[in-house]
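**Q** no sequence on this one, just coordinates:
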């Protein structure tokens, strides 16, 4: 029996999107806003939510693995979307998922939440994959609480940023010749992101959906090889695919980690589920929420079109945005990363002042000769590499040209993001983040690289060892200068 008196959820009721900074949450929030919902968005980092540029949404920082943070997040909520998982956490993500679900179910009951909508994965018969079983067990753990659950299960979601979709995109764009394991013959029912979002929005309004487990799939039942070929056709590519029997799931995940930019832990979890055919039994869902389901080819075309349409929206920088990737859909969505970190016994103001003085005649604090060599190589191919320029010797502003960088995002004493302007087979960013910790300042420099094809991957791997040394040294040098030249407290 539903706890709602009306047939549909009134828009004035408070809706919570828990996991709003993730792939589905990032797309679901705007859809709910368009429906006139009163919204609260929750993620582990409030700053990530603020970067989305959502107006009229309440932001709260909370973590399902920290029960003490959940009361405030769930207070006054009528419907909660539960969209979190721990795949990126490593080999024990299944246990973390269960702990998080238990905490959330208990807190939701205490807060008087009336309905939880959970997005899980379709479970094939005989599944042994920890990834798939974890999604199933998470749903069961949520249902163990007193709050009614609507569970929607999906397999491959076709949309920019979806891990499975990005694996397909990277393989097509990065490898003109693919040596693939036998799992490319496993079949699935891919669903367009837009179709899935419609299900998520509408089902939350339907009391008759409570307690149901509903498969969400598209009209096609395709092998991963067929998906790659159809994607390649949409993208104007003609890859040669050679299947071999020797790539085990473990080797496959390592191989994907090399040739795609999808995070390794997520790729490993996905691979575990790719040895099964995953059909979707969508009759009940289609009856509850009628809509025209896009074919896989239509879904790919829609995803590529939406990506171009949303590029450079004008909001703060978000990793994966097409504008970050030089407006090139063949550049990887996810970035390869290398980072360095140091702690300064100085204020954030002192560290920020040193950071904003880099470049120009001062250089880059550490192994500046390497930057000069790289600039000379860029100059030889008609790039801006040898430029020594900055509009102000001590200040930086959004849009400033700093030698061979452009300032693309800036939050004084918190974050500075620079895009790399040299000619390269891909798109690069360098981001500095400052955090005050016990009166000291932690400075982190992270390089993000969106490779373009096999040459972009080779370029990255050739420089990774150097990047680690360079950014460790740079952050330590900036920290030392901040300690020697502190900014006077006001």
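**A** In hand now; what should we look at? Because the structure is predicted, anything quoted here is derived from the model rather than measured.

**Q** residue boundaries of the helices in the stretch 51-200 of the chain?
**A** Remark: helices assigned in the stretch 51-200 of the chain by DSSP state H, counting those that start in this stretch are 70-74, 93-111, 130-143, 163-174, 193-203.

**Q** want to try JSON lines for those helices, with mean pLDDT and distance to residue 119 as columns?
**A** Glycine gets a C-beta too; all of them are placed from N, C-alpha and C. Converted to JSON lines, these look like this (pLDDT from 0 to 100; distance: least, C-beta to C-beta, whole Å):
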{"stretch": "helix 70-74", "mean pLDDT": "96", "distance to residue 119": "18"}
{"stretch": "helix 93-111", "mean pLDDT": "91", "distance to residue 119": "13"}
{"stretch": "helix 130-143", "mean pLDDT": "86", "distance to residue 119": "9"}
{"stretch": "helix 163-174", "mean pLDDT": "88", "distance to residue 119": "14"}
{"stretch": "helix 193-203", "mean pLDDT": "96", "distance to residue 119": "7"}
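
**Q** which one of those has the most crowded surroundings?
**A** helix 163-174 (a mean of 23; mean count of other C-beta atoms under 10 Å).

**Q** domains in this structure, as residue ranges please.
**A** If you go by automatic domain parsing, the domain ranges for the chain are 14-310, 336-484.

**Q** For the stretch 351-490 of the chain, which segments are assigned as strands?
**A** Assigned by DSSP state E, counting those that start in this stretch, the stretch 351-490 of the chain shows strands spanning 401-402, 405-411, 415-420, 426-437, 440-451.

**Q** can you tell which of these is closest to residue 212?
**A** Nearest to residue 212, of all the strands of the stretch 351-490 of the chain, is strand 440-451, at 40.0 Å by C-beta to C-beta.

**Q** Tell me which strands the closest one pairs with, and in which orientation.
**A** Using DSSP bridges, strand 440-451 pairs in its sheet with strand 336-344 (antiparallel), strand 426-437 (antiparallel).

**Q** any idea of the mean pLDDT in that strand?
**A** Mean pLDDT, strand 440-451: 95.

**Q** Okay, now the unreliable bits of the stretch 251-400 of the chain?
**A** 268-269, 272-273, 310-319 (pLDDT under 70).

**Q** In it, what residue spans correspond to helices?
**A** Assigned by DSSP H, counting those that start in this stretch, the helices in the stretch 251-400 of the chain fall at 264-272, 283-288, 296-310, 348-355, 368-380.

**Q** between those helices, which one is nearest to residue 436?
**A** helix 348-355 (5.4 Å).

**Q** angle of the closest one against strand 440-451?
**A** Helix 348-355 runs at 40 degrees relative to strand 440-451, counting by axes from the mean of the first three to the mean of the last three C-alpha atoms, to 10 degrees.

**Q** just how off-centre is helix 348-355 within its chain?
**A** 29 Å (C-alpha atoms, centre = their mean, to the nearest Å).

**Q** Number the residues from 49 up from this point.
**A** Sure, I'll start counting at 49 from here, so that last one is helix 396-403.

**Q** Need the winner for burial among the strands of the stretch 399-538 of the chain.
**A** Mean neighbour counts for these (mean count of other C-beta under 10 Å) peak at strand 488-499, with a mean of 22.

**Q** just to revisit the earlier point, do you know which of the strands paired with strand 488-499 lies nearest residue 97?
**A** Across these, closest to residue 97 is strand 474-485 (C-beta to C-beta), at 16.3 Å.

**Q** Show residues contacting the closest one.
**A** 365, 372-374, 376, 379-380, 383, 391, 395-396, 399-400, 403, 453, 456-457, 461-468, 489-500, 504, 507-508 (C-beta atoms under 8 Å, 6 or more residues apart in numbering).

**Q** Now residue 379. Nearest residue, chain neighbours left out?
**A** Distances taken as C-beta to C-beta, 6 or more residues apart in numbering put residue 373 closest to residue 379, at 3.9 Å, once the chain neighbours are dropped.

**Q** residues near the one you found, how many?
**A** 23 (other C-beta atoms under 10 Å).

**Q** can you tell me which residues contact it?
**A** 379, 380, 381, 475, 498.

**Q** what's the closest of the helices of the stretch 99-248 of the chain to residue 512?
**A** Nearest to residue 512, of all those, is helix 211-222, at 16.7 Å by C-beta to C-beta.

**Q** Packing partners of the closest one?
**A** Helices and strands touching helix 211-222, as assessed by 3 or more C-beta pairs under 8 Å, 6 or more residues apart in numbering; DSSP states H and E, comprise strand 205-206, helix 272-283, helix 297-307, helix 312-320, helix 501-532.

**Q** If you count neighbours, what's buried in stretch 111-131?
**A** 111-113, 115, 117-118, 121-123, 125-131 (16 or more other C-beta atoms under 10 Å).

**Q** still on that earlier bit, just say which of the domains of the chain is most tucked in.
**A** domain 62-358 (a mean of 19).

**Q** now, which of the buried residues of stretch 111-131 lie within strands?
**A** 127, 128, 129, 130 (DSSP state E).

**Q** Export the contacts of residue 373 to JSON lines and append columns for distance to residue 145.
**A** Converted to JSON lines, these look like this (distance: C-beta to C-beta, whole Å):
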{"residue": "379", "distance to residue 145": "32"}
{"residue": "380", "distance to residue 145": "27"}
{"residue": "381", "distance to residue 145": "24"}
{"residue": "475", "distance to residue 145": "33"}
{"residue": "498", "distance to residue 145": "29"}
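
**Q** and which of those is nearest to residue 259?
**A** residue 381 (36.0 Å).

**Q** OK, contacts around that closest one?
**A** Contacts of residue 381 (C-beta under 8 Å, 6+ apart): 208, 209, 214, 217, 309, 368, 373, 498.

**Q** any idea how far residue 279 is from the residue nearest to residue 379?
**A** 17 Å (C-beta to C-beta, to the nearest Å).

**Q** related to what we said a few turns ago, can I get the strands of the stretch 399-538 of the chain in CSV with distance to residue 409?
**A** Formatted as CSV, the strands of the stretch 399-538 of the chain follow (distance: least, C-beta to C-beta, whole Å):
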stretch, distance to residue 409
strand 449-450, 12
strand 453-459, 15
strand 463-468, 18
strand 474-485, 19
strand 488-499, 21
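
**Q** Residue 61 is nearest to which of those strands?
**A** Once those are compared by C-beta to C-beta, strand 453-459 is nearest, at 33.9 Å.

**Q** can you give me how far the closest one is from the chain middle?
**A** That offset, for strand 453-459, works out to 21 Å (C-alpha atoms, centre = their mean).

**Q** For that strand, name the packing helices and strands.
**A** Using 3+ C-beta pairs under 8 Å, 6+ apart: strand 453-459 touches strand 463-468, strand 474-485.

**Q** partners of that strand, with directions?
**A** strand 449-450 (antiparallel), strand 463-468 (antiparallel).

**Q** can you tell me which residues contact the closest residue to residue 396 other than its chain neighbours?
**A** The spatially closest residue to residue 396, leaving aside those adjacent along the chain, is residue 461, at 4.4 Å (C-beta to C-beta, 6+ apart). Counting by C-beta under 8 Å, 6+ apart, residue 461 makes contact with 396, 397, 400, 482.

**Q** Dump those to a markdown table, plus distance to residue 352.
**A** Below are the contacts of residue 461 laid out as a markdown table (distance: C-beta to C-beta, whole Å):
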| residue | distance to residue 352 |
| --- | --- |
| 396 | 41 |
| 397 | 44 |
| 400 | 39 |
| 482 | 37 |
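
**Q** Thanks a lot, see you next time.
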